[in-house]
Each structure stands twice: as structure tokens, then as C-alpha cells.
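1. Show me how the following folds:
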Amino acid sequence: MTKHQAVNAAVQKVLDTLVADGTEVGVQVAAYLNGELVADAWAGVADPASDREVDGDTLFNVFSVTKAVAATALHVQAERGLVDYDRPVAQYWPEYGANGKEAVTVRDALSHRTGTPQMPPAVTPEMMCDWNAMTTGIAALEPIFPVGQPAYQAVSFGWVIGEIVRRTDPEHRSFQEFVAQEIAAPFGIEDLWIGVPEEVEPRIAKLVDALNMQPPPPGTVLEKAMPFDVRLAPDIFEREDVRRATIAGVGGIFTARSLARFWAILANGGELDGKRLLSPERVAMSCQMRPGGTLPDPVFFGMPMPLSQGGYWMYDGQSPLTMALASTTAIACPGAGGSLGWADPATGLAVAYCHNRMSGADGASAVGNAIRAALGIA
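-> Okay, here's the model as predicted:
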């Protein structure tokens, strides 16, 4: 058995156990090491009602893991000299500079320090599917925290970052088109959907909501940032219009193979298969903790959020959402219910964990430990 076969066998054993003990319903994992696929495994069922099994082509909602794609798209624009991180967002998107947001920089937006974690008032699923309506609403927001203070943009992040990308694109493409043409297609990433076409819908796994999400406490920042009317739950995100929409912060529907290949670009210093997307220096910058380091976040009642300057999460040994990384040199984005993708440029390892049982369980840590042990990575 080769080392790569041993890695896949180790991952498969973990996935089978997670399904057998009820931690997962359907789950899919892929991993790259130094640009080479070393794990591609799955287990369980994609739809409990029909007993449709998971396979390598099953698509999964990954929620906030999508933020990594949005952040990377912005880095592509910076790489091309079209965006300066320390310039005001309003330089690229003039309407954004209203109501006290004139000084918000692109770096602030990437690192969740705009002071505006909230969604537009009275947002609905229908509004969320309308890119122009959402960006107009976000541009009109007034900061509820001082600009520069961390406040996680749980849902709104994608429209802020995505609109900067769209406004600075010389070809004036939609954000969805930009990702498809500038990130997915050049690197052979076939299933990195932010807005799915009709023909792939039968491959999407049915979400199982073990979180039993309840309305946020009234009057809290969490209620403003994650309104219950657009909750990250099956009854909203399995709607046909929501699946088709470009929701750049939380709307990604990916396979683990495609997600791991995306992260492999970052794990490999910004290039894959001889094609370069970002410079090693830009990737290194993105792996630096944002100003202030790990800070309690007011949106999630003071939960520590180790966020990087580049728009990704990091490992700090405290946040339960990034324990699977087990490395201070890694970057990641966790998604609601337990999906996760990460890259560690120091080791060349990239991992994607996709599943359909939304819960508080951390299956990704067991997978990460198994992969590192099989590869001999400390």
C-alpha cells in the first residue's frame, strides 16, 4: 500500500465511524499535499428519504466556507494592481462611503472590521437573491461599532467583498462569472458553485438540521447580523431561488474534491499545476493574524475569533471552529453546521470536509488528525 492509499484508507475509516455512530449522515472529504490529491473519500447517504448514497460527485452546502472563495477573488484583484488593501472601499464603490463608512478600508472589510456586521433592514430570502438590492442596502448601512473594531459579518461579508471585486473588474462581470472564469476554470475546479445551474441540482445532498436553529435573542447584534428570516437552515437554503442566487458569503455548494483543490492553491503558495493565482508573499500576508490577534466578537457574544488579515480564519487553540487545523500557520473558513476547508502553506496540506448533517459536532478534527498521522505531519 502506498502512502497515499494509506491516507485514503485512514480517512475512510474515520468517515465510516462518523456515519455509524450518528455523528454524520452523509460526508465527503478530499485532501491535497503539495498539489497532489492524496485523499478522496465519502460515506453515508445524501438523502435519507430516498437512501441516495453519497459519492464523489455529491454536492454539499458549505455556508461560510464560501467566504474563502470571496476573499481569494479579492486577492486576485489586488494581485493585478486593481485593488489596494489600504484604500477606502468607497474609492472602488462610491455609494459605500455613506453614513459614516467613508474611512472603511478594503483591509477592514477583509478582516471584519467595518463596524457593520448587520444585514439590511427587513431582509428577506427574495431580497437576498437580488445582488443589486443587497449591495444597495449594505451601502446604506450605518456602523453600529467603531470602524476598526472587530464585528463578524456573518452573512453580509460576501456582498461587501464581492461588490469590490465586481466594481474593479475591467470586464464588469458578475461575481459568479468572475469566480467561474478566474478561479475555477483555470485550475480545473469543476464544482465550485456560487449559484448552481439547474442541471446539477439532483446531485445536491439534502440538509439534515440537527442544530434546530431558534431565533436569536431580540435586540442582540446576532439578530441584526443573522436575521431569522434568512437563517442558515434547510428551509431557506434549499429553496430553488436561493440555490440559484449569487450569495457570496454563505451560498457555496461544492464537492469536497473541488473545495480541496481550491484550498490546494493556497496551501501551495498561490499556484497549482504550474499556474499561479497569487504570489507567495500575498498568501503569506493572508496567513497573518489581523490587528489585535484573537479577539472576542460582539456578534457571537464574545466568542474568540482568530481571523487573518486576508479574510480567513486561523488556529489559536481556543476557537472550537478551527481546532481541526492544529497549526498556527494554517488558514481556513468554517461553515454553519460543521463544514470546513483549510490550507497550511507550511506543510502544503489542504483539506475539505463537506457534509449534510448540520450540528455542533467536530468531525473535521478526527479527519485532520488521521490525515496528518498517515502523512507523518506533526
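
2. alpha carbons only for contacts and neighbour counts from here, please
-> Noted.

3. any idea how far residue 63 is from residue 194?
-> According to CA to CA, to the nearest Å, residue 194 stands 10 Å off from residue 63.

4. Can you check which residues contact both of those two?
-> Jointly contacting residue 194 and residue 63 under the rule CA atoms under 8 Å, 6 or more residues apart in numbering are 251, 252, 253.

5. Please flag which of the residues you listed sit within strands.
-> The strands, defined by DSSP state E, take in 252, 253 from those.

6. Can I get the shared contacts of residue 194 and residue 63 in TSV including pLDDT, neighbour count and distance to residue 59?
-> As requested, the shared contacts of residue 194 and residue 63 are exported to TSV (pLDDT from 0 to 100; neighbours: other CA atoms under 10 Å; distance: CA to CA, whole Å):
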residue	pLDDT	neighbour count	distance to residue 59
251	98	27	12
252	98	29	10
253	98	26	6
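
7. tell me which of the shared contacts of residue 194 and residue 63 is nearest to residue 54?
-> residue 253 (14.6 Å; CA to CA).

8. Wait, that closest one touches residue 64, no?
-> No. Contact between residue 253 and residue 64 fails when scored by CA atoms under 8 Å: they sit 10.6 Å apart.

9. Quick one: the strands in the stretch 101-250 of the chain, in order.
-> Remark: strands assigned in the stretch 101-250 of the chain by DSSP state E, counting those that start in this stretch are 192-193, 208-209.

10. of the ones you listed, which approaches residue 26 most closely?
-> Set against residue 26 and scored by CA to CA, the strands of the stretch 101-250 of the chain come closest in strand 208-209, at 9.4 Å.

11. Now stretch 97-111: buried residues?
-> Neighbour-count burial for stretch 97-111 flags 97, 100-111 (criterion: 16 or more other CA atoms under 10 Å).

12. Of the residues you listed, just say which sits nearest to residue 308.
-> So of the buried residues of stretch 97-111, ranked by how close each gets to residue 308 (CA to CA), first place is residue 111, at 6.4 Å.

13. Grab the longest helix from this structure for me.
-> Longest helix in the chain by number of residues, with DSSP state H as the criterion: helix 3-20.

14. Single out the most deeply packed of the strands of the stretch 101-250 of the chain.
-> Ranked by mean neighbour count under mean count of other CA atoms under 10 Å, the strands of the stretch 101-250 of the chain are led by strand 192-193, which reaches a mean of 25.

15. average pLDDT across that one?
-> In this model, strand 192-193 carries a mean pLDDT of 98.

16. before we move on, the earlier item: could you dump the buried residues of stretch 97-111 to a markdown table with pLDDT and distance to residue 246?
-> Shown next, in a markdown table, are those (pLDDT from 0 to 100; distance: CA to CA, whole Å):
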| residue | pLDDT | distance to residue 246 |
| --- | --- | --- |
| 97 | 98 | 23 |
| 100 | 97 | 27 |
| 101 | 98 | 24 |
| 102 | 98 | 26 |
| 103 | 97 | 27 |
| 104 | 98 | 24 |
| 105 | 98 | 24 |
| 106 | 98 | 21 |
| 107 | 97 | 23 |
| 108 | 97 | 23 |
| 109 | 98 | 19 |
| 110 | 97 | 19 |
| 111 | 95 | 21 |
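
17. quick one, helices of this structure?
-> Going by DSSP H, the chain shows helices at 3-20, 66-79, 89-92, 106-110, 125-128, 131-139, 157-168, 175-179, 221-225, 234-237, 240-244, 256-267, 280-286, 363-375.

18. nearest to residue 304, of those?
-> Closest among the helices of the chain, using CA to CA: helix 221-225, at 14.7 Å.

19. what helices or strands is the closest one leaning on?
-> Helices and strands touching helix 221-225, by 3 or more CA pairs under 8 Å, 6 or more residues apart in numbering; DSSP states H and E: there are none.

20. contacts for it?
-> Here helix 221-225 makes contact (CA under 8 Å, 6+ apart) with 117-119, 153-156, 215-217, 298-300.

21. Just the CA coordinates for that helix, please, in PDB.
-> The C-alpha coordinates for helix 221-225 follow below in PDB (Å, rounded to 0.1, in the frame of the first residue of the first chain):
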ATOM      1  CA  VAL A 221     -26.200  42.100  17.400                       C
ATOM      2  CA  LEU A 222     -26.600  38.500  16.400                       C
ATOM      3  CA  GLU A 223     -30.200  39.200  15.500                       C
ATOM      4  CA  LYS A 224     -29.100  42.000  13.200                       C
ATOM      5  CA  ALA A 225     -26.200  40.100  11.700                       C
END
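
22. No further questions, thank you.
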